[in-house]
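Novice: Next one to model:
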Amino acid sequence: MSNEVRKYDAVVVGAGPGGYPCAIRLAQLGIKTLCIEKEYWGGVCLNVGCIPSKALITAAKKYNEVSKLADMGIDLPSTEATLNVAKLQEWKRSVVGKLTGGVRTLLDKNGADRLFGTARFTGPGAIEVDTEDGTVKVECNHLVLAMGSRPIEIPGFSYADERILDSTKALDLDHIPKRLVVIGGGYIGMELGMMLSKVGSDVTIVEMQDQVLPGFDPDVLKLFKRKLKKMGITTHLQSKALGWEEGDDGAVVKVETPKGQLEIPADRILITVGRRANSEGLEALGLEMERGHIVVDKQLKTNVPGVYAIGDLATGIMLAHKATHEGEICAEVIAGHAAFNDHRTVPAVVFTDPEIAVAGLQEHEARAKGYTVKVGKVPYAAVGRALTTNDTEGFYKVILDAEDDRVLGVTLVGHSASDLISEAALAIEMDAEALDIGLTIHPHPTLGEGVMEAAKAALGQAVHILNR
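Specialist: Predicted coordinates:
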């Protein structure tokens, strides 16, 4: 260990979607900054999460669509597509490589220093970093904790076993498993389960609650119940995975269901029961914790002066874009600006097929909070652009406060819902009324027209569907 101590105004530990934007913004604001990362520049999201999963999900959708091209008059020599898994993985890695390379370049060009190694905290402003060249001592006035999260491992299903997959391993498969059991029917399990089903896996989903996608709008759940049946995906609800063992022909997963115990054959078992914050090793900092997360205020400050937490490590929803927003706010706070994390909504997207996107309150949530609501719902099939894409599955739903027609929330299910939800998030942040959306001219023919039409439908003014 060298006796030299590197001194910085700010140190960001973790270079994921929260950490690297925080470090970049700090450097832009003239703060002498160091970003420490132990595994991936760009973090889990860019390397083994959001980006590679969406690359594979997109490929699976295109693969699945080949058989539908004949509907548009496109005749191929064969409607049976073949999948080159090695080439697919190579393409996925190229996408990841471009983005992670960009993270390193942006940090460097903006003037933030980088250090690759594992950080150990000896005090609020004192860090020891184990690197390939030895231990580096670092001191700082402001410490930003952005170490992210990891998949939860459940008893009896060790990720050390070849047959047991977490999301990282599932995104790096060198073949398509013939039989896949997914334990956990939340958004990650549904995204990856549907993706692998499209490219040939026989998928079974095991979920402890009484529905897949817990917490979503009942209309969403009705649609996905039909969709899963159509895809041939089996679901076992209110069911618990007890363990697994090797059988004569692969693994056998033991599941306790309301109808008794089942044994489900599988070649791979994917565990998607949630994520756990990487909050270990912080004892020397004396931080206030809540269920494994660091408690922060609206300026991302912890109970310890000079220490901040952002992203999955901090309290709140665990989403990459929430982490990025917090990272940038945190940088502004450290620079002495009057910045606060006071958003009205964090939009959420599920990259299933069809996609799901939500901003603000869903209908059942608004009613549960005591609002009297107006609801406008428009099917994708009523929107001209959806028909031209041959992708009409889904709906637009706008929820209003009946007292003043303010937009409380928007739920979208369908093609490109992930791209359409930002308009809804802006409407909620601006405290918009339905007519703010309805009187905004939307270009035709586009999928965005459906948001406008649903806002009008909530007021009984829709012209492309019958008003309720």
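Novice: Every contact and neighbour count from this point should use C-alpha atoms.
Specialist: Noted.
Novice: Need the pLDDT of T131.
Specialist: Looking at T131, its pLDDT is 96.
Novice: I'd say it and T118 touch.
Specialist: Yes: using CA atoms under 8 Å, T131 is in contact with T118, at 6.8 Å.
Novice: Comparing those two, which shows the higher neighbour count?
Specialist: Between T131 and T118, T118 has the larger neighbour count (other CA atoms under 10 Å), namely 18 against 14.
Novice: ok, what's across the strand from the more buried one?
Specialist: Beta bridges link T118 to D130, judged by DSSP bridges.
Novice: Contacts only, for it.
Specialist: Applying CA atoms under 8 Å, 6 or more residues apart in numbering, we find T118 in contact with 36-38, 129-131.
Novice: just the strands in the stretch 301-450 of the chain please.
Specialist: For the stretch 301-450 of the chain, the strands defined by DSSP state E, counting those that start in this stretch occupy 307-309, 348-350, 356-360, 373-379, 395-401, 407-413.
Novice: what residues does the last one touch?
Specialist: Contacts of strand 407-413 with the rest of the structure, by CA under 8 Å, 6+ apart, involve 220, 354-363, 366, 393-401, 421, 424, 427-428, 431-434.
Novice: List only those of those residues flagged as buried.
Specialist: Buried by 16 or more other CA atoms under 10 Å: 220, 354-363, 366, 393-401, 421, 424, 427-428, 432-434, out of the contacts of strand 407-413.
Novice: D342 reaches K322, doesn't it?
Specialist: No: counting by CA under 8 Å, D342 stays clear of K322, with 11.7 Å between them.
Novice: Which one's more surrounded, the two?
Specialist: K322 (22 against 10).
Novice: What separation do you get for the closest residue to T235 other than its chain neighbours and L262?
Specialist: Closest residue to T235 apart from its sequence neighbours, by CA to CA, 6 or more residues apart in numbering: I205 at 4.7 Å. When distance is defined by CA to CA, to the nearest Å, I205 is 13 Å away from L262.
Novice: Comparing the two, which shows the higher neighbour count?
Specialist: Legend: neighbour count by other CA under 10 Å for I205 and L262, higher for I205 (23 against 16).
Novice: So what pairs up with that one in the strands?
Specialist: Under the criterion used (DSSP bridges), I205 bridges to V182, T235.
Novice: and it, what is it in contact with?
Specialist: 181-185, 189, 193, 233-236.
Novice: please redo it, this time with the cut-off set to 10 Å
Specialist: Residues near I205 by CA atoms under 10 Å, 6 or more residues apart in numbering: 180-186, 189-190, 193, 212, 228, 233-237, 239, 270.
Novice: ok so, going back, quick one, which of the contacts of T118 are buried?
Specialist: The neighbour count (16+ other CA under 10 Å) marks 36-38, 129-130 as buried among those.
Novice: which residues in this structure form helices?
Specialist: For the chain, the helices defined by DSSP state H occupy 19-28, 43-48, 50-65, 85-109, 167-170, 187-198, 218-231, 320-334, 363-368, 384-388, 417-429, 434-438, 449-458.
Novice: Kindly calculate the angle that the last one makes with helix 417-429.
Specialist: The directions of helix 449-458 and helix 417-429 differ by 50 degrees, with axes from the mean of the first three to the mean of the last three CA atoms, to 10 degrees as the criterion.
Novice: again, but for the first one
Specialist: An angle of 50 degrees separates the directions of helix 19-28 and helix 417-429 when computed by the same axes, to 10 degrees.
Novice: most centrally placed residue in the chain?
Specialist: Geometric centre of the chain, nearest residue: L319, 5.3 Å, by CA atoms, centre = their mean.
Novice: show me what contacts it?
Specialist: Residues in contact with L319 (CA under 10 Å, 6+ apart) are 17-18, 45, 50, 311-312, 346-349.
Novice: neighbour-wise, which of the residues you listed leads?
Specialist: Highest neighbour count within the contacts of L319: G18, with 33 neighbours (other CA under 10 Å).
Novice: That one touches H325, doesn't it?
Specialist: Yes: between G18 and H325 there is a contact under CA atoms under 10 Å: 7.4 Å.
Novice: okay, and the common contacts of the two?
Specialist: With CA under 10 Å, 6+ apart as the test, G18 and H325 both reach 310-311.
Novice: Show me how far stretch 343-357 is from its chain's centre.
Specialist: 8 Å (CA atoms, centre = their mean, to the nearest Å).
Novice: Good, wrapping up.
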